[in-house]
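Enquirer: pasting the sequence and the predicted coordinates here, then a few questions.
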Amino acid sequence: MRIDIYTIFTPIFESPLREGLLGKAVRGGVLDVRVHDIRDHAEGKHRQVDDAPFGGGPGMVLKPEPVFAAVTSTLGYGMDELEKLKEKVRVIMLTPRGRRMDQAVVAELAAQPHIALICGRYEGVDERVTEHLCTDALSVGDYVLSGGEFAALVVVEAVTRLVPGVIGNEESLVEESFSRGLLEYPQYTRPAEYRGWRVPDVLTSGDHEAVERWRRERAEEFTRMKQPGPSLPGGGDDTR
Ligand SMILES: C[S@@+](CC[C@H](N)C(=O)[O-])C[C@H]1O[C@@H](n2cnc3c(N)ncnc32)[C@H](O)[C@@H]1O
């Protein structure tokens, strides 16, 4: 899978793309992640990427020209080929005003061969970028970050977990929270007793059916507590 990221703060991506599963996937060629500096595509001596908002108000807005230039030139399309570009690549504006990301959105994006993520800063990006260059607008949650970089990393991290070859043991994805409409059951490891706190006896019983039953019940219980709703009987109101 290929992911192109557009930002004015490229160093933010260095360590996350080097470490852990992401780093391994990048080094192994399963993921082709390219980080582009929008400023490299700005014109003029000062390579200005932002300007004051029309209509007044606080802060600055990222200008459209360098963003259009960055995306089209790095993906190999002309300004008169935007529709063709959008047919081939999901171009995603990260914004608190976008569609809220959940595991269904993540699965949808993981099925794409190529996505591009545009990171805003300051008061955001000139709206013409979303209107004419982007296929999607995506929010990572109902709160405001200072920039789209950490939102982009959330998208990359969540999406690439579902790309075949990224997670060694793909079985772990099957039971994972949200994958079957249930949150995952709690996990324990050795020691079986720590400071007098024992792991549930069933997990050390060797009775696989009982373990399966216990896990299913705990998964349903956790799901009811966190997501009270009609799909499971007796939804509680605990929001932990
Ligand atoms: C300070 S925010 C701009 C907020 C904007 N003025 C508003 O009130 O909607 C700067 C940038 O951070 C990114 N950002 C902030 N919160 C986000 C979220 N919840 N999801 C995705 N991107 C976000 C966007 O790229 C945005 O352009």
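Expert: Yep, that arrived. These numbers come from a predicted model, not from an experiment.

Enquirer: hey, let's count contacts and neighbours off CA atoms from now on
Expert: Fine.

Enquirer: longest strand in this protein, by residue count?
Expert: Scanning the chain for the longest strand, with DSSP state E as the assignment, gives strand 90-100.

Enquirer: that one pairs with which strands, and in what direction?
Expert: When pairs are called by DSSP bridges, strand 90-100 turns out to pair with strand 114-118 (parallel), strand 136-139 (parallel).

Enquirer: of those strands, which is nearest the ligand?
Expert: Of all the strands paired with strand 90-100, strand 136-139 sits nearest to the ligand, with 3.5 Å by C-alpha to the nearest ligand atom.

Enquirer: which stretch among the strands paired with strand 90-100 comes nearest Leu153?
Expert: Minimum separation from Leu153 across the strands paired with strand 90-100 (C-alpha to C-alpha) falls at strand 114-118, 9.6 Å.

Enquirer: report whether the closest one contacts the ligand.
Expert: No. Between strand 114-118 and the ligand, judged by C-alpha under 6 Å from any ligand atom, nothing touches; the nearest distance is 7.0 Å.

Enquirer: one more: stretch 2-9?
Expert: No. Using C-alpha under 6 Å from any ligand atom, stretch 2-9 stays clear of the ligand, coming no nearer than 9.3 Å.

Enquirer: interface residues of this protein facing the ligand?
Expert: Contact residues, the chain versus the ligand (C-alpha under 6 Å from any ligand atom): 94-97, 119-125, 139-148, 151.

Enquirer: sort out for me which of these are in strands.
Expert: Using DSSP E, the residues of the chain next to the ligand in strands are Leu94, Thr95, Pro96, Arg97, Ser139.

Enquirer: in a markdown table: the residues you listed, plus neighbour count.
Expert: Output for these, formatted as a markdown table (neighbours: other C-alpha atoms under 10 Å):
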| residue | neighbour count |
| --- | --- |
| Leu94 | 27 |
| Thr95 | 26 |
| Pro96 | 19 |
| Arg97 | 15 |
| Ser139 | 22 |
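
Enquirer: need the max-distance pair from those.
Expert: Across these (C-alpha to C-alpha), the longest gap, 8.4 Å, separates Leu94 and Arg97.
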